[in-house]
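*Asks:* Quick one: sequence plus predicted model below, questions after.
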Amino acid sequence: MKIVVGVDNLPQGDLVLKVIRDLDFPQPQLKLVNIVEVWIEQGSMQYGFGATPYNLEGYFRAVEDEARSALKFLKENAERQGMKDCETQLLYGNISNQLMDYADAAKTDLLAIGSFGKGPWEGILIGSVGRKAVINSKHSVLIAKDSYRDGSDLSVVLATDHSPYADRWLEKFVAWAPRGIKHLTLLSVLPDVMFQTDIGTWIREGLNTANDKAAQKLQGLSPDIKTRVEVGPVSETIARVMQETQSELLILGSQGHGFMERVALGSTSLEQAIKQPYSVLVVRA
């Protein structure tokens, strides 16, 4: 399995590696990528009348050294955790564009980035690159959040609506064969407006049946699988179940990318990935 890890800084990169380690994909091939954002021509220049020249070349050299150091440390850390197939790459340019172009060229299965920090300004990756990756990337996306509790039994919630596309991304996730999930809650959410119709009860029964069938497909991924059908607003209900099950990772699907993705995805995958405090894996079939 090919995984491109976007590295912003050491804590963020280490956080992403912990989630990948805990999922325990067979034979992961990691590519750690750090991007030096070039936003102004290098060299010395002055700011304001009579100002002392500022040595931008020295600044960029320091940024490059820090980026290389972070990549070296994280590669060694990955290898210590058993992820031996690990390469590093230093790139230059716009962070989000370079990262997604590199993921395309590498034909990656998963693009993994992280958020380290609290509050509305969580860092450049989750603020801009994370949003752009979830909306525009052709690949599945893992966004690791610093609320993630490593070192414990990995509990996940897998949310599905059992649409034909959901069946396809579920099959893809099963094919990845993660071995580290200890507890898995298979969740389907029935919106209030649908449950309140004449066929609401019938739809709920159908979701329960579909959950049981999907759980059979997931049997090899976790020793403890539970199914739930909940009624309520989709995003709020997912967040509630994440809290009730004390899960560290939410897994859900995403179809397509671009403008229509924002419309269809805005209230579910995008909101979960960007706004919620827990880590999110968005799987694209």
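*Replies:* Structure's in. What do you need?
*Asks:* Return stretch 75-94 as PDB; C-alpha atoms alone will do.
*Replies:* Extracted in PDB, the C-alpha atoms of stretch 75-94 (Å, rounded to 0.1, in the frame of the first residue of the first chain):
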ATOM      1  CA  LYS A  75      12.200   8.400   8.500                       C
ATOM      2  CA  GLU A  76      14.200   7.000  11.300                       C
ATOM      3  CA  ASN A  77      11.100   7.000  13.500                       C
ATOM      4  CA  ALA A  78       9.100   5.200  10.900                       C
ATOM      5  CA  GLU A  79      11.800   2.500  10.500                       C
ATOM      6  CA  ARG A  80      12.000   2.000  14.300                       C
ATOM      7  CA  GLN A  81       8.200   1.300  14.300                       C
ATOM      8  CA  GLY A  82       8.600  -1.400  11.600                       C
ATOM      9  CA  MET A  83       7.800   0.700   8.500                       C
ATOM     10  CA  LYS A  84      11.000  -0.100   6.700                       C
ATOM     11  CA  ASP A  85      10.000   0.900   3.200                       C
ATOM     12  CA  CYS A  86      10.300   4.600   3.700                       C
ATOM     13  CA  GLU A  87      11.600   7.300   1.400                       C
ATOM     14  CA  THR A  88      11.800  11.100   1.800                       C
ATOM     15  CA  GLN A  89      11.400  14.000  -0.700                       C
ATOM     16  CA  LEU A  90      11.900  17.700  -0.300                       C
ATOM     17  CA  LEU A  91       9.900  19.900  -2.700                       C
ATOM     18  CA  TYR A  92       9.500  23.600  -3.400                       C
ATOM     19  CA  GLY A  93       6.500  25.700  -4.300                       C
ATOM     20  CA  ASN A  94       2.800  25.900  -3.200                       C
END
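*Asks:* Run the chain-centre distance for that stretch.
*Replies:* Computed by C-alpha atoms, centre = their mean, to the nearest Å, the chain-centroid distance of stretch 75-94 equals 17 Å.
*Asks:* Ok, stretch 155-170 next?
*Replies:* With C-alpha atoms, centre = their mean, you get 16 Å for stretch 155-170.
*Asks:* do stretch 192-200 as well
*Replies:* Centroid separation for stretch 192-200 versus its chain: 32 Å, with C-alpha atoms, centre = their mean.
*Asks:* And that stretch, end to end?
*Replies:* 9 Å (C-alpha to C-alpha, to the nearest Å).
*Asks:* Tell me where the chain has strands.
*Replies:* Using DSSP state E, the strands of the chain run over residues 2-7, 29-36, 44-45, 54-55, 86-92, 110-115, 140-145, 154-159, 181-190, 225-231, 249-253, 279-283.
*Asks:* Could you list which residues are in contact with residue 280?
*Replies:* 142, 143, 145, 249, 250, 251, 252, 269, 272, 273 (C-beta atoms under 8 Å, 6 or more residues apart in numbering). (Each C-beta comes from the backbone N, C-alpha and C, glycine too.)
*Asks:* still on that earlier bit, can you lay out the strands of the chain as JSON lines showing mean pLDDT and distance to residue 61?
*Replies:* Output for the strands of the chain, formatted as JSON lines (pLDDT from 0 to 100; distance: least, C-beta to C-beta, whole Å):
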{"stretch": "strand 2-7", "mean pLDDT": "95", "distance to residue 61": "19"}
{"stretch": "strand 29-36", "mean pLDDT": "96", "distance to residue 61": "10"}
{"stretch": "strand 44-45", "mean pLDDT": "49", "distance to residue 61": "13"}
{"stretch": "strand 54-55", "mean pLDDT": "60", "distance to residue 61": "9"}
{"stretch": "strand 86-92", "mean pLDDT": "96", "distance to residue 61": "13"}
{"stretch": "strand 110-115", "mean pLDDT": "90", "distance to residue 61": "25"}
{"stretch": "strand 140-145", "mean pLDDT": "92", "distance to residue 61": "30"}
{"stretch": "strand 154-159", "mean pLDDT": "96", "distance to residue 61": "41"}
{"stretch": "strand 181-190", "mean pLDDT": "96", "distance to residue 61": "44"}
{"stretch": "strand 225-231", "mean pLDDT": "97", "distance to residue 61": "52"}
{"stretch": "strand 249-253", "mean pLDDT": "94", "distance to residue 61": "38"}
{"stretch": "strand 279-283", "mean pLDDT": "93", "distance to residue 61": "34"}
